[in-house]
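**Student:** sequence and predicted structure, then a few things I'm wondering about:
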Amino acid sequence: MGVPTLVTTAITLGLCLVTAAAHAAVTSIVNSGPSSNRVDVVFLGDGYTSADIANGLYANDVASYVSYMFAPGLNQDPFHRYRGYFNVYQIDVVSNQSGADVPPLNIFRDTALDASYYGDGTTERLLTVDQNKANSAANAALAGTGVTAEMRFVTVNDTRYGGSGGGYAVYAGGNANSHEIALHEIGHSFSSLADEYGGDPGPYAGPEPSEVNVTADPTGAKWSRWHGYDQTGIGVIGAYEGAQYFDNGLYRPSENSKMRSLG
């Protein structure tokens, strides 16, 4: 199937939303076919002022990641192989100030989606947004367009390392590792994958995890159909101890992966 240039001349859909907090416009970046049989990828931004949007900072941050996500190579697999099945849209969300909150440093920014580091109160790199505000902005901007937004990102206008998964894959668009952060977080948001790194010596004593890529079964029966497959750049698929924040008692399919370490 033919694939359009990943970052094409923007096609404005002509839908604008104006509220007291923000206004949003939708732009089509990649159109590979009808939404009915495509994955619609939608980007929102937070911490981008009207000037940041006008000077192209937001669009460039989105375009840079889109090009990276669909580039050929193992690092972005399988998105490159399936690139013809994705549409990509950008929603312009205007904030009054640039950046994100950093509460312990007494840094607070007036942004449309309330982006903040220390999303759990203790972890600096946990960069989150208000999901209700993000949903409101996305739903209002996409109303009547037919875009279904199966894959959702929020790029935050900040250089500090951070991101999070959930309803949206949130990442710091200005950080040097932004592309890898976003690829990791979309593993959570789109594919419901667990983190595969450890940390807690454990052993894990909870129920069988619901995620497909971690298990309490040392045989790794969950993914038995792939056992023994030697995946280029990854190694032999089996059952490797250490996953979902525990060093012992939980297992992952490969020695390393995007859900274990960036790059």
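**Tutor:** Received, thanks.

**Student:** so, low pLDDT: which residues of the stretch 1-150 of the chain?
**Tutor:** 1-24 (pLDDT under 70).

**Student:** report the contact partners of residue 38.
**Tutor:** By Cβ atoms under 8 Å, 6 or more residues apart in numbering, the contact list for residue 38 reads 32, 85, 86, 87. C-beta coordinates here come from the backbone N, C-alpha and C atoms, glycine included.

**Student:** swap the cut-off to 10 Å and go again
**Tutor:** 30, 31, 32, 84, 85, 86, 87, 88, 147, 148, 150 (Cβ atoms under 10 Å, 6 or more residues apart in numbering).

**Student:** and residue 206, by the same measure?
**Tutor:** 216, 244, 246, 249, 250.

**Student:** out of the residues you listed, which is most surrounded?
**Tutor:** Scoring the contacts of residue 206 on neighbours with other Cβ atoms under 10 Å, the highest-scoring entry is residue 250 at 27 neighbours.

**Student:** help me confirm that it is found in a helix?
**Tutor:** No. Counting by DSSP: H, G, I helix; E, B strand; the rest coil, residue 250 is located in no helix; its state is strand.

**Student:** for it, give me its contacts.
**Tutor:** For residue 250, the contact set (Cβ under 10 Å, 6+ apart) comprises 194, 196, 198, 200, 202-204, 206, 208-209, 214-218, 240-244.

**Student:** sort out for me which of those residues are in strands.
**Tutor:** Those of the contacts of residue 250 mapping onto strands are 240, 241, 242, 243, per DSSP state E.

**Student:** so which of these is the most crowded?
**Tutor:** residue 243 (27 neighbours).

**Student:** what sits against that one?
**Tutor:** Contacts of residue 243 by Cβ under 10 Å, 6+ apart are 194-198, 204, 209, 211, 213-216, 249-253, 259-260.

**Student:** using the three-state scheme, assign residue 41.
**Tutor:** Reduced to three states by three-state DSSP, residue 41 is strand.

**Student:** what comes up buried for stretch 174-182?
**Tutor:** 174, 175, 178, 179, 180, 181, 182 (16 or more other Cβ atoms under 10 Å).

**Student:** brilliant, that's me finished.
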